[in-house]
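Enquirer: Quick check, what structure comes out for this input:
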Amino acid sequence: MATVITASQPSWIGPFTGLSPRCFGKLVTALRREGADAARRGRPWSLPLEDRVLLVAAYWRTNLTLRQLAPLFGISKSAADRIINRLAPLLALRPRLRFRKGTVLIVDGTLVPTRDHAVAEQSKNYRYSTNHQVVIDADTRLVVAIGQPVPGNRNDCRAWELSGAKAAVGNATVIADGGYRGTGLVIPHRREPGQAELPASKEEHNRSHRKVRARVEHAFARMKSWKILRDCRLKGDGVHHAMLGIARLHNLALAG
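Expert: Predicted structure coming up:
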């Protein structure tokens, strides 16, 4: 069967990955350096590394089923499944280990509808979802860490610690919304009982806080252009691997 979609034709890369051909090339080079194309026992891959990366990104980007996607690359459904299972963890974003002095981070949780009920619970959107704590750099707007998914009925205050996101950022200054009360993060001022309104200085602080914190919402909007985050059919760690991989693609697209 002739291959329909291939990374050798740059026109396919943008629509199916969200990356420019140059950024896609940088990603493939980095994966080779990390050992993603190392020789292995058994039958060799039917697609070169570039096409395998394109397949995984296209799966996340379009959320087509493997039965629909595999023929577009000229391979079987089972071969596409093996490629995704092998390559998706290797595409995962590596959390930043150190933060320069004065770095300000922003955290918020986002719900990903997930069909695997073993890792998901019914959440406020009335769907089975997982809660993902996403941390971005307030200056660069790049994703620096994503916590392990927790059931969608956990509020952000609990998910912040349960997911490991808190441990991942160390002692860095972190901005969050009012749902993180009691966590020690920088959150908006609230009126005290019996207080009609906040002092002008606190209202001004809340306005600036909202403007900065909105950057993480913009990151969610960009990441969810990869449609698998709107209805994830993957089981087990699949939703976490997809979230980490999409964060890496998001960072590449944003940084250029």
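Enquirer: show me where pLDDT drops low in the stretch 1-150 of the chain?
Expert: 1-3 (pLDDT under 70).
Enquirer: which stretches of it form helices?
Expert: Here the stretch 1-150 of the chain has its helices, by DSSP state H, counting those that start in this stretch, at 13-17, 21-33, 49-62, 66-69, 77-87.
Enquirer: Which neighbouring elements make contact with the longest one?
Expert: When you say that, I think you mean helix 49-62. Using 3 or more Cβ pairs under 8 Å, 6 or more residues apart in numbering; DSSP states H and E, the elements in contact with helix 49-62 are helix 13-17, helix 21-33, helix 66-69, helix 77-87, helix 238-255. Backbone N, C-alpha and C define where each C-beta goes, glycine included.
Enquirer: Show the secondary-structure elements that the first one is packed against.
Expert: Secondary-structure packing of helix 13-17 (3+ Cβ pairs under 8 Å, 6+ apart): helix 21-33, helix 49-62.
Enquirer: So what pairs up with Ile175 in the strands?
Expert: Counting by DSSP bridges, Ile175 forms beta bridges with Ile106, Val186.
Enquirer: mind listing what it touches?
Expert: If you count contacts by Cβ atoms under 8 Å, 6 or more residues apart in numbering, Ile175 has them with Val104, Leu105, Ile106, Val107, Ala138, Leu185, Val186, Ile187, His209, Val212, Arg213.
Enquirer: let's see it at 6 Å
Expert: Counting by Cβ atoms under 6 Å, 6 or more residues apart in numbering, Ile175 touches Ile106, Val186, Arg213.
Enquirer: before we move on, the earlier item: quick one: closest of the helices of the stretch 1-150 of the chain to Cys232.
Expert: Smallest distance to Cys232 across the helices of the stretch 1-150 of the chain (Cβ to Cβ): 9.5 Å, for helix 49-62.
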